[in-house]
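Participant: curious how this folds, go ahead:
(2 chains)
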Amino acid sequence: MDNLVLDIRGQICPACLLISLRELNNKRDIIKNGQASLVVLTDHRDATRTIPNAVTAMGYSVSVEKKEGYYEITIKKER
Amino acid sequence: MTAVMNLCYNKIKTMNGALMESVLIILLSGVLIGFLFHRSDYCMAGMFRDLFLFKSSPLLKIFFVQVFVTMLLFYIARQAGLIGLYPPPNLREASLVTLTGGFIFGTGMVLAGGCVIGTLYKMGAGSAGAIVAFIGLVIGSGFYGEVYPVFNSLHRDTVLSNYVLLGQLSGESIFIPVILISAILIIRWSKKDGLYQKAYAEGYIQPVKTAIFIAFINLIVYLTSDTPMAISTAYAKLSAFIERFIIPSHYESLEFFKRLSYSVTAPDGHLLSGGPGAQVDHIFIAEMPLLAGVILGSMISSISLKEFRPFKKLPPKSQILSAFTGGVLLGLSSRMAGGCNVKFLMSGLPLLSIQGIIFLAGLLPGAYVGTWIFKNLVIKLRR
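Facilitator: Next up is the predicted model:
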């Protein structure tokens, strides 16, 4: 499975969520069929609330991991 | 006027002991606010923006809890006779300029990516966008000095009511139904969706806890300084100090920096007076330590979580431009209205200040416009 990395560190609100959703929408087909997952890199603490909230409601599975000074949010097709 | 300022300054010097105490209490309050706001990412600009962007804003309900608890605490403190100055001297009558200021403020905070206090805690955590917005805020506040005479006469010509608080119009008893209805609303919300927020950030503090904590801090600030929490005049003072340093002759020519926002005698006999000018007065003592404290508090929080990475990543140009423009609008509009969301929404609404209600009425459509601009022009620009 491919990891599509979206680095939105440093961006101001509400760009984080809007850009993530736009990217998810563009790559919808390959993510929905399990070919790829979207990995969002963000230093915005609130994005660890808003992005998981929004994509879970859209039927994706999500995991969040803390890295060196930022968070890595992985969005996959629902298991 | 100079005589009044001198008197105030002498007063400050003579009550030095109590003064240092006040400064420390307010600084510490600021540090706590900065820490909590960073942990909960308690962004008021986001609360209003999400209402228009996603048609739902769970955090706005939590802000309502903050207003409710603050109202309750202020009310109890008044009944207990602890509040000396009511209405507080930093609130005044509303005018159409308050409404217009609220509107521009609403647009500005969405474009800036944070309100007047949000910009501080984001800057303390190292956000480059917030530093740009902060610079815009200082410039916008200073620019108001150039247009002050126009807006000041507009304000005087369009005053909506001679009262400062709804309670003066209807009697203090108005608080009882407002408190009861708010309590019922909050209980219903917490039963329906819950006020709990799921977030994965390390050290996350539930925003509702922050909301309640800030209400108590606001009471402490009110009891310490005789004025409830306010912060935006501190920005005007920063630009006053800078302007006086760079272009002293121009600074001296501006009426705005010479005026006093208020000058009243507190029940204990000491004079409270302050204005936007470059002097250490009551506003300086009530607002500057708060401003510094918020930056410091969020820096402490962010360093302790190992999330402090200043300037590590810069936002795209369109967002930098948006943050700067938003900051300038925030500075200008908070001076037009005579305050920002901190004074009007965090402190004014709990006192049922007419200025607070009018400011909010302008802020809502303003935030709608700001959201539209951000969505269609700022994000789209980088495609």
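Participant: enumerate the residues of chain A near chain B.
Facilitator: Within chain A, the positions near chain B by C-beta under 8 Å from any C-beta of the partner chain are A:7, A:9-15, A:18-19, A:43-46, A:48-49, A:52-54, A:64, A:66, A:68-71, A:73. No exception for glycine: its C-beta is placed from N, CA and C like everyone else's.
Participant: how about 6 Å then?
Facilitator: By C-beta under 6 Å from any C-beta of the partner chain, the residues of chain A that approach chain B are A:9-13, A:18, A:45-46, A:48-49, A:64, A:66, A:69.
Participant: and which of the residues you listed is nearest to B:Phe63?
Facilitator: When those are ranked by distance to B:Phe63 (C-beta to C-beta), A:Asp46 comes first, at 14.3 Å.
Participant: count the neighbours of the closest one for me.
Facilitator: 23 (other C-beta atoms under 10 Å in any protein chain shown).
Participant: quick check: it touching B:Ser40?
Facilitator: No - contact criterion C-beta atoms under 6 Å: A:Asp46 and B:Ser40 do not qualify, at 8.9 Å.
Participant: how many other residues sit next to the nearest residue to B:Ala337 once chain neighbours are set aside?
Facilitator: Nearest residue to B:Ala337 in three dimensions, chain neighbours excluded: B:Gly101, at 2.9 Å (C-beta to C-beta, 6 or more residues apart in numbering or on different chains). Around B:Gly101 there are 29 other residues, counting by other C-beta under 10 Å.
Participant: nearest residue to the residue in the stretch 201-350 of chain B that chain A sits nearest to in space, please, no chain neighbours.
Facilitator: Closest approach between the stretch 201-350 of chain B and chain A, counting by C-beta to the nearest C-beta: B:Lys313, at 3.0 Å. The shortest distance from B:Lys313 to any non-neighbouring residue, by C-beta to C-beta, 6+ apart, is to A:Gly10 (3.0 Å).
Participant: do a quick rundown of the strands in the chain.
Facilitator: No chain specified, so I'll use chain A. A:2-7, A:36-42, A:60-66, A:71-77 (DSSP state E).
Participant: that's the wrong chain, I wanted chain B
Facilitator: All strands of chain B, identified by DSSP E, fall at B:262-265, B:271-274.
Participant: and these, which is most packed in?
Facilitator: strand B:271-274 (a mean of 22; mean count of other C-beta atoms under 10 Å in any protein chain shown).
Participant: partners of that strand in the sheet?
Facilitator: Using DSSP bridges, strand B:271-274 pairs in its sheet with strand B:262-265 (antiparallel).
Participant: average model confidence for the strand it pairs with?
Facilitator: For strand B:262-265, mean pLDDT rounds to 93.
Participant: that one: how far from the chain's middle?
Facilitator: The chain centre lies 21 Å from the centre of strand B:262-265; the measure is C-alpha atoms, centre = their mean, to the nearest Å.
Participant: send the alpha carbons of that strand over as PDB?
Facilitator: The C-alpha coordinates for strand B:262-265 follow below in PDB (Å, rounded to 0.1, in the frame of the first residue of the first chain):
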ATOM      1  CA  TYR B 262     -11.300  56.200  31.700                       C
ATOM      2  CA  SER B 263     -10.500  58.100  34.900                       C
ATOM      3  CA  VAL B 264     -12.500  57.100  37.900                       C
ATOM      4  CA  THR B 265     -12.000  56.700  41.700                       C
END
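Participant: which residues of chain B score low on pLDDT?
Facilitator: Confidence mapping of chain B against pLDDT under 70 gives the ranges B:1-17, B:381-383.
Participant: return the residues of the stretch 51-200 of chain B in contact with chain A.
Facilitator: B:Gly113, B:Gly129, B:Gln197, B:Ala199, B:Tyr200.
Participant: take the residues you listed and lay them out in a markdown table including neighbour count and distance to B:Ile139.
Facilitator: Output for these, formatted as a markdown table (neighbours: other C-beta atoms under 10 Å in any protein chain shown; distance: C-beta to C-beta, whole Å):
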| residue | neighbour count | distance to B:Ile139 |
| --- | --- | --- |
| B:Gly113 | 32 | 17 |
| B:Gly129 | 27 | 16 |
| B:Gln197 | 18 | 35 |
| B:Ala199 | 20 | 34 |
| B:Tyr200 | 18 | 37 |
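Participant: tell me the contacts of residue 52?
Facilitator: As the question left the chain open, I've gone with chain A. By C-beta atoms under 6 Å, 6 or more residues apart in numbering or on different chains, A:Pro52 lies in contact with A:Val62.
Participant: should've been chain B
Facilitator: Residues in contact with B:Phe52 (C-beta under 6 Å, 6+ apart) are B:Tyr368, B:Thr371.
Participant: how near is it to chain A?
Facilitator: Counting by C-beta to the nearest C-beta, to the nearest Å, the separation of B:Phe52 from chain A is 10 Å.
Participant: ok, and the closest non-adjacent residue to residue 53?
Facilitator: With no chain named, the answer covers chain A. Leaving aside its sequence neighbours, A:Asn53 sits nearest to B:Lys198 (C-beta to C-beta, 6+ apart; 7.0 Å).
Participant: the chain in question should be chain B.
Facilitator: Spatial nearest neighbour of B:Leu53, excluding adjacent residues (C-beta to C-beta, 6+ apart): B:Thr371 at 5.3 Å.
Participant: okay, now that neighbour: neighbour count?
Facilitator: By other C-beta under 10 Å, the residues close to B:Thr371 number 22.
Participant: thinking again about what came up before, the strands of chain B into a markdown table, with extra columns for distance to B:Arg335?
Facilitator: Output for the strands of chain B, formatted as a markdown table (distance: least, C-beta to C-beta, whole Å):
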| stretch | distance to B:Arg335 |
| --- | --- |
| strand B:262-265 | 15 |
| strand B:271-274 | 14 |
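Participant: out of those strands, which comes closest to B:Leu360?
Facilitator: Across these, B:Leu360 has its closest neighbour in strand B:262-265 (22.2 Å, C-beta to C-beta).
Participant: residue of chain A closest to chain B, please.
Facilitator: A:Gly10 (3.0 Å).
Participant: how much space separates B:Leu360 from B:Trp189?
Facilitator: 19 Å (C-beta to C-beta, to the nearest Å).
Participant: do the same with B:Asn90
Facilitator: In this view, B:Asn90 and B:Trp189 are 31 Å apart by C-beta to C-beta.
Participant: residue nearest the centroid of chain A?
Facilitator: A:Val40 (4.3 Å; C-alpha atoms, centre = their mean).
Participant: identify the residue spatially nearest to that residue, adjacent ones excluded.
Facilitator: A:Ile73 (4.3 Å).
Participant: can you verify my assumption that A:Gly69 contacts B:Arg309?
Facilitator: Yes - counting by C-beta under 6 Å, A:Gly69 does reach B:Arg309; the two are 4.4 Å apart.
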